[in-house]
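Undergrad: Sharing a model prediction with you, sequence too.
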Amino acid sequence: MRRTRVILHLALALLAGCTAVTIPRPSPTPPSTTATTPAPSPTPLPSGDEADFAKQRERMVIETIERRGITDEQVLRAMRAVPRHLFVPEEQQDYAYGDYPLPIGYGQTISQPYIVALMTDLLELKEGDKVLEIGTGSGYQAAVLAEIPDIEVYTIEIVPELAEIARKRLESLGYTSAHCKQADGYYGWPEHAPFDAIIVTAAPDHIPGALVDQLANGGRMVIPIGPPGGYQTLWKFTRQPDGELQAFNMGGVAFVPLIGPGADAHPHEGGYEWPLP
């Protein structure tokens with residue numbers, strides 16, 4: 001693997017806006033879910049419930065996404081369209097449109113809506129782009145990406161149970177442009193590389209070299225990087241024609257760690273100059 005230099009291009013002071021755990025939660029507090037509780041498959045709801053969820057979703061977009069600076073119409077439309085309540089455990093559906101993460105079982109979470117919108121916005125997707133997502137989880141982020149017209153989504157989940165649940169959920173909801181795979185996302189999906197955009201929804205402590213190698217020239221990668229169990233930094237990388245990476249510091253976040261043999265076998269490695277100066 002050839003060495004790629006990372007250039008710190010710009011730092012943005014967005015700590016308050018990006019840190020998921022600092023956003024106040026409304027009362028009542030969402031119930032907890034144990035690490036072994038699987039997320040259920042979506043089930044039909046009465047039309048009255050669906051109408052209420054649609055109102056909650058609209059309020060979520062206006063109050064927690066638009067008001068915080070997300071203006072891309074495609075992203076906003078996708079956030080309005082995806083029924084987030086069908087991507088969380090049934091007992092937590094009443095909390096689905098609050099701006100906070102929720103546990104989905106197996107030690108994983110569904111990210112807060114604002115972070116999903118922000119990371120999608122940072123990818124700067126355009127017609128015909130091919131996107132790799134690492135960390136399918138419940139499938140919500142993949143659904144948001146698939147809602148953007150003419151975008152092909154490849155998503156990888158390491159937890160077999162979550163991978164199967166997400167695959168069935170995305171299929172049942174008609175997201176045919178989202179292709180699911182159960183595997184160690186650390187190594188990406190080389191059969192479909194290069195990717196115009198890569199989004200990582202769990203935090204490694206370094207840049208996985210395989211993901212950089214699978215990023216097309218001009219491609220964008222959005223990834224949280226930092227120690228497990230604490231705060232990380234959300235980075236946006238863009239690959240230049242000479243192969244170098246420009247790095248944009250997007251502020252502090254808190255994600256579950258990237259797990260699996262790849263991350264365990266390559267701590268602080270990858271052939272790329274890290275940490276950034």
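TA: Looks like it arrived, so ask away. Everything numeric in this text was worked out from a predicted model, so none of it was measured. Residues are numbered from 1 along each chain as shown.
Undergrad: how close does residue 231 get to residue 203?
TA: Distance of residue 231 to residue 203, computed by C-beta to C-beta, to the nearest Å: 9 Å. All C-beta spots, glycine's among them, are computed from the backbone N, C-alpha and C.
Undergrad: Which one's more surrounded, these two?
TA: Each of residue 231 and residue 203 has its neighbours counted (other C-beta atoms under 10 Å); residue 203 has more, 25 against 17.
Undergrad: Please name the bridge partners of that one.
TA: Following DSSP bridges, residue 203 is listed with bridge partners residue 257.
Undergrad: thought it was touching residue 222?
TA: No: under the criterion of C-beta atoms under 8 Å, residue 203 makes no contact with residue 222, lying 11.9 Å away.
Undergrad: Please enumerate the shared neighbours of residue 231 and residue 203.
TA: residue 253 (C-beta atoms under 8 Å, 6 or more residues apart in numbering).
Undergrad: which strand of this protein spans the most residues?
TA: In the chain, taking DSSP state E as the definition, the longest strand is strand 215-225.
Undergrad: ok, residues contacting the following helix or strand past that one?
TA: Remark: after strand 215-225, the chain's next helix or strand is strand 232-239, criterion DSSP states H and E. For strand 232-239, the external contacting residues (C-beta under 8 Å, 6+ apart) are 6, 18, 118-119, 122, 203, 207, 212, 215-226, 245-255.
Undergrad: Can I get strand 232-239 in PDB, CA atoms only?
TA: Provided in PDB are the C-alpha atoms of strand 232-239 (Å, rounded to 0.1, in the frame of the first residue of the first chain):
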ATOM      1  CA  GLN A 232     -13.800  11.900  18.500                       C
ATOM      2  CA  THR A 233     -13.300  14.400  15.700                       C
ATOM      3  CA  LEU A 234     -15.400  14.400  12.600                       C
ATOM      4  CA  TRP A 235     -13.200  14.700   9.600                       C
ATOM      5  CA  LYS A 236     -14.000  15.300   5.900                       C
ATOM      6  CA  PHE A 237     -11.300  14.300   3.500                       C
ATOM      7  CA  THR A 238     -11.100  15.100  -0.200                       C
ATOM      8  CA  ARG A 239      -8.800  13.200  -2.500                       C
END
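Undergrad: and the next element down the chain from it?
TA: According to DSSP H and E, the helix or strand after strand 232-239 is strand 245-253.
Undergrad: by how many degrees do that next one and strand 232-239 diverge?
TA: 160 degrees (axes from the mean of the first three to the mean of the last three C-alpha atoms, to 10 degrees).
Undergrad: elements contacting strand 245-253?
TA: On a contact count with 3 or more C-beta pairs under 8 Å, 6 or more residues apart in numbering; DSSP states H and E, strand 245-253 meets strand 6-11, helix 15-18, helix 113-122, strand 232-239.
Undergrad: mean pLDDT lowest for which of those?
TA: Ranked by mean pLDDT, the helices and strands packed on strand 245-253 bottom out at helix 15-18, with a mean of 35.
Undergrad: Please name the nearest non-neighbouring residue to residue 259.
TA: Leaving aside its sequence neighbours, residue 259 sits nearest to residue 158 (C-beta to C-beta, 6 or more residues apart in numbering; 6.3 Å).
Undergrad: pretty sure residue 54 is in a strand, no?
TA: No: remark: residue 54 does not belong to a strand; assigned using DSSP: H, G, I helix; E, B strand; the rest coil, it is helix.
Undergrad: Please work out how many residues are found near it.
TA: 14.
Undergrad: list the buried ones in whichever strand or helix holds residue 80?
TA: Using DSSP H and E, residue 80 maps to helix 73-81. Under the neighbour-count criterion of 16 or more other C-beta atoms under 10 Å, helix 73-81 has 74-76, 78-79 buried.
Undergrad: Then stretch 160-171?
TA: The neighbour-count check on stretch 160-171 (16+ other C-beta under 10 Å) flags 162-163, 165-167, 169-170 as buried.
Undergrad: Just the CA trace of the helix holding residue 80, in PDB.
TA: Listed next in PDB are the C-alpha coordinates belonging to helix 73-81 (Å, rounded to 0.1, in the frame of the first residue of the first chain):
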ATOM      1  CA  GLU A  73     -32.600  20.600  -0.700                       C
ATOM      2  CA  GLN A  74     -31.800  17.000  -1.600                       C
ATOM      3  CA  VAL A  75     -30.600  16.300   2.000                       C
ATOM      4  CA  LEU A  76     -33.600  18.000   3.500                       C
ATOM      5  CA  ARG A  77     -36.000  16.100   1.200                       C
ATOM      6  CA  ALA A  78     -34.300  12.800   2.200                       C
ATOM      7  CA  MET A  79     -34.600  13.600   5.900                       C
ATOM      8  CA  ARG A  80     -38.300  14.400   5.400                       C
ATOM      9  CA  ALA A  81     -38.900  11.200   3.400                       C
END
